[in-house]
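> Take a look and give me a structure for this.
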Amino acid sequence: MTHTVGILGATGAVGQRLVQLLDPHPDFELVALTASDESAGKPYREAAKWRLDFAIPEDVAGMTVRRTDADDIPDDVDLLFSSLPSSVGERVEPGLCEAGYVVSSNSSNDRTADDVPLVIPEVNADHIDLLDVQRDARGWDGALVKNPNCSTITMVPTLAALDRAFGLDAVRVSTLQAVSGAGYDGVTSMEILDNAIPHIGGEEQKMESEARKLLGAFDGAEVSWHDADVAASCNRIPTLDGHLENVWADLAEDASAGEAADAMREFPSLDLPSSPDPLVHVFEEPDRPQPRLDRMRGDGMAVTAGGFRETSGGVQYNCLAHNTLRGAAGASVLNGELLAQNGYL
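Residues are numbered from 1 along each chain as shown. This is a model prediction of the structure:
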């Protein structure tokens with residue numbers, strides 16, 4: 001069954017990635033694009049300052065951009081993908097859900113709200129049923145599901161594999177994050193060239209809280225967050241795409257470096273159009289993964305890991321994911337596929 005979909009915030013960096021993923025999607029038909037009032041009424045080719053390395057799909061280029069408002073979005077749209085800034089999302093998304101729209105959102109607002117599922121489908125697909133609690137509590141005909149921050153998405157599938165196999169006590173992570181994660185205007189060339197910035201506002205807190213919610217257990221009524229102690233240090237470096245992360249994981253049971261690698265290698269994927277197989281690609285080489293070489297594994301939707309070694313409390317390793325594909329637009333599309341599979345559309 002094909003579902004009609006729209007993109008909120010279609011002209012931005014993540015919005016353009018959503019266009020890339022949705023225009024050829026086997027189960028979704030892209031019928032609506034929204035943006036700011038300044039862009040509304042223009043053809044998409046004029047409203048979007050296109051930044052990707054292929055042409056705008058011709059059938060999308062001529063679409064008229066709409067206002068991000070329930071009154072301007074067709075009633076028969078089954079699903080909206082949101083790439084709105086969080087300050088706009090927190091204001092707009094609840095109203096759209098109240099109006100009956102189902103929203104799969106990449107925006108950071110409400111990710112840790114008690115009745116909003118925060119989902120990586122391969123990790124915690126059962127959390128999607130928190131939508132039943134949400135609808136009862138809020139009286140919505142629509143629904144709101146979130147994907148986590150791009151840096152969180154990179155490490156959590158690897159942590160889920162370790163937790164399932166050995167138990168997880170504590171996590172320490174240091175990130176080397178690509179400039180595209182800040183958006184087109186987020187970091188100037190004078191700031192980042194020949195440099196590294198050892199602070200990304202709010203990023204550490206997002207990783208520390210979102211990881212525990214994602215790894216938590218859902219009992220049908222609420223999510224009990226995982227009790228692992230998670231601490232993050234986030235750094236911006238001058239790569240274009242691909243977040244590389246150095247992870248130290250303390251485990252409840254002893255595991256060798258090889259056993260940890262095997263746990264990730266064997267962690268299952270899902271039968272969804274955008275879910276890669278394998279979910280985690282494990283390298284034997286000690287100098288992999290690397291952003292330029294490995295960010296497009298699984299069409300940019302795989303997580304890669306390598307450099308495993310044993311520590312006094314568990315294992316240390318490196319992991320990588322494409323931050324605007326797996327970490328943002330692709331994550332929202334995957335959640336949309338899960339919503340369709342579970343009958344929420």
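
> count of residues packed around the closest residue in space to D76 that isn't next to it in sequence?
Residue nearest to D76 in three dimensions, not counting chain neighbours: T4, with 6.2 Å by C-beta to C-beta, 6 or more residues apart in numbering. To be clear about C-beta, it is placed using only N, CA and C from the backbone, and glycine gets the same treatment. As a burial measure, T4 scores 15 neighbours (other C-beta atoms under 10 Å).

> How about residues contacting the host helix or strand of T4?
Under the criterion of DSSP states H and E, T4 resides in strand 3-8. With C-beta atoms under 8 Å, 6 or more residues apart in numbering as the test, strand 3-8 has contacts from 15, 18-19, 22, 27-34, 68, 73-74, 76-84, 92, 96, 103, 336, 340, 345.

> Which stretches in the stretch 151-300 of the chain count as helices?
Per DSSP state H, counting those that start in this stretch, the stretch 151-300 of the chain carries helices over the ranges 189-192, 203-214, 257-265, 291-294.

> chain center to the second one: distance?
What that stands for is helix 203-214. Here the centre of helix 203-214 is set off from its chain's centre by 13 Å, with C-alpha atoms, centre = their mean, to the nearest Å.

> Please apply the same query to stretch 173-193.
Centroid separation between stretch 173-193 and its chain, computed with C-alpha atoms, centre = their mean, is 17 Å.

> Name the surrounding residues that touch it.
Against stretch 173-193 from outside (C-beta under 8 Å, 6+ apart): 12-13, 49, 51, 150-151, 154-155, 196-197, 200, 203, 207, 230-248, 291, 323-324, 327.

> try 6 Å this time
Applying C-beta atoms under 6 Å, 6 or more residues apart in numbering, the contact partners of stretch 173-193 are 13, 150-151, 155, 232-247, 323-324.

> which ones among those are found in strands?
232-236, 243-247 (DSSP state E).

> Name the member of the residues you listed that has the highest neighbour count.
H243 leads the ones in strands among the contacts of stretch 173-193 on contacts (other C-beta under 10 Å) with 30 neighbours.

> Test of understanding: give the bridge partners of it.
Under DSSP bridges, the beta-bridge partners of H243 are A321.

> show me the contacts for it.
151, 154, 177-178, 323.

> ok, of those, which one's closest to A261?
T154 (16.8 Å; C-beta to C-beta).

> Is that closest one in contact with N323, as I believe?
No: contact criterion C-beta atoms under 6 Å: T154 and N323 do not qualify, at 7.4 Å.

> ok so, going back, how far out from the middle of the chain is the strand holding T4?
17 Å.

> Could I get the buried residue list for stretch 247-260?
Within stretch 247-260, the residues scored as buried using 16 or more other C-beta atoms under 10 Å are 247-251, 255, 259-260.

> Throw those residues into CSV and include pLDDT and distance to E122, thanks.
Shown next, in CSV, are these (pLDDT from 0 to 100; distance: C-beta to C-beta, whole Å):
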residue, pLDDT, distance to E122
V247, 98, 18
W248, 98, 23
A249, 98, 18
D250, 98, 23
L251, 98, 21
A255, 98, 21
E259, 98, 20
A260, 98, 18
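
> Adding distance to W140, write those residues out as JSON lines.
What follows is the buried residues of stretch 247-260, written out as JSON lines (distance: C-beta to C-beta, whole Å):
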{"residue": "V247", "distance to W140": "37"}
{"residue": "W248", "distance to W140": "41"}
{"residue": "A249", "distance to W140": "38"}
{"residue": "D250", "distance to W140": "40"}
{"residue": "L251", "distance to W140": "40"}
{"residue": "A255", "distance to W140": "43"}
{"residue": "E259", "distance to W140": "45"}
{"residue": "A260", "distance to W140": "42"}
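
> Hmm, F283 and G306 touching each other?
Yes: G306 is in contact with F283 according to C-beta under 6 Å; the separation is 3.4 Å.

> which stretch among the helices of the stretch 151-300 of the chain comes nearest D163?
Minimum separation from D163 across these (C-beta to C-beta) falls at helix 257-265, 9.3 Å.

> Can you tell me what sits against the closest one?
Helix 257-265 is contacted by residues 158, 161-162, 165, 280, 282, 305, 308-310, 315 when judged by C-beta under 6 Å, 6+ apart.

> can you rerun that using 10 Å?
157-166, 249, 251, 253, 255-256, 278-284, 303-311, 314-317, 319 (C-beta atoms under 10 Å, 6 or more residues apart in numbering).

> what's the overlap in contacts for G306 and F283?
Taking C-beta under 10 Å, 6+ apart as the contact rule, G306 and F283 both touch 261, 289-290, 294, 317-318, 320.

> Wait, a helix at Q316?
No: per DSSP: H, G, I helix; E, B strand; the rest coil, Q316 lies outside any helix segment and is strand.

> Can you tell me how far it is from A61?
With distances taken as C-beta to C-beta, to the nearest Å, Q316 is found 47 Å from A61.

> Between the shared contacts of G306 and F283, which sits nearest P268?
The closest of the shared contacts of G306 and F283 to P268 turns out to be A261 (C-beta to C-beta; 15.9 Å).

> Tell me who's in contact with V116.
Counting by C-beta under 10 Å, 6+ apart, V116 makes contact with 93, 105, 109-110, 127, 130-131, 133-134, 138, 143-146, 213, 223.
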